[in-house]
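Novice: The following comprises the amino acid sequence and a computationally predicted model.
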Amino acid sequence: MKQTQIISDTKILGGKPVIAGTRISVELILDRIASGMSMKEILKDYPHLTVSQIQTAISYAKNLVINKLPHSKIKHPEPTTLYTHEISR
């Protein structure tokens, strides 16, 4: 039986999704990645985490986005051409 790796409990960080057995939120992991940290750097700062736990947090967030935004309702903007040439006179 596979153990749940992401939990949400109102007694832990106000119910934010966290890595089970920690107070490390999915949000914190995503914030670190968004700021440019590598997985190696995250593991250095949080040595009790595993690569699998970080990957699970990323997958959890991805699944939230996929499930919250049905593809049929996503409107993609028309491509825009940006011209950066300057006309000299």
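Specialist: Done, it's in.

Novice: Number of residues surrounding the closest residue to residue 46 other than its chain neighbours?
Specialist: Closest residue to residue 46 apart from its sequence neighbours, by C-beta to C-beta, 6 or more residues apart in numbering: residue 24 at 6.2 Å. Placement of C-beta: from N, CA and C, glycine included. Number of residues near residue 24 (other C-beta atoms under 10 Å) recorded here: 20.

Novice: just residue 36 next, same as before
Specialist: Neighbour count for residue 36, taken as other C-beta under 10 Å: 7.

Novice: Check the secondary structure at it for me.
Specialist: The local conformation at residue 36, judged by DSSP: H, G, I helix; E, B strand; the rest coil, is coil.

Novice: ok, it to residue 42 distance?
Specialist: The spacing between residue 36 and residue 42, counted by C-beta to C-beta, to the nearest Å, is 11 Å.

Novice: Also residue 33?
Specialist: The value you get for residue 33 to residue 42, if C-beta to C-beta is used, is 8 Å.

Novice: residue ranges with poor pLDDT in this protein?
Specialist: 1-4, 69-89 (pLDDT under 70).

Novice: make it 50
Specialist: The model of the chain has pLDDT under 50 over residues 1, 85.

Novice: what helix or strand does the residue with the shortest distance to the centre of it sit in?
Specialist: When C-alpha atoms, centre = their mean is applied to the chain, the residue found nearest the centroid is residue 30 (3.9 Å). Residue 30 belongs to helix 26-34 when assigned by DSSP states H and E.

Novice: what residues are up against residue 51?
Specialist: Listed by C-beta atoms under 8 Å, 6 or more residues apart in numbering, the contact set of residue 51 reads 39, 43.
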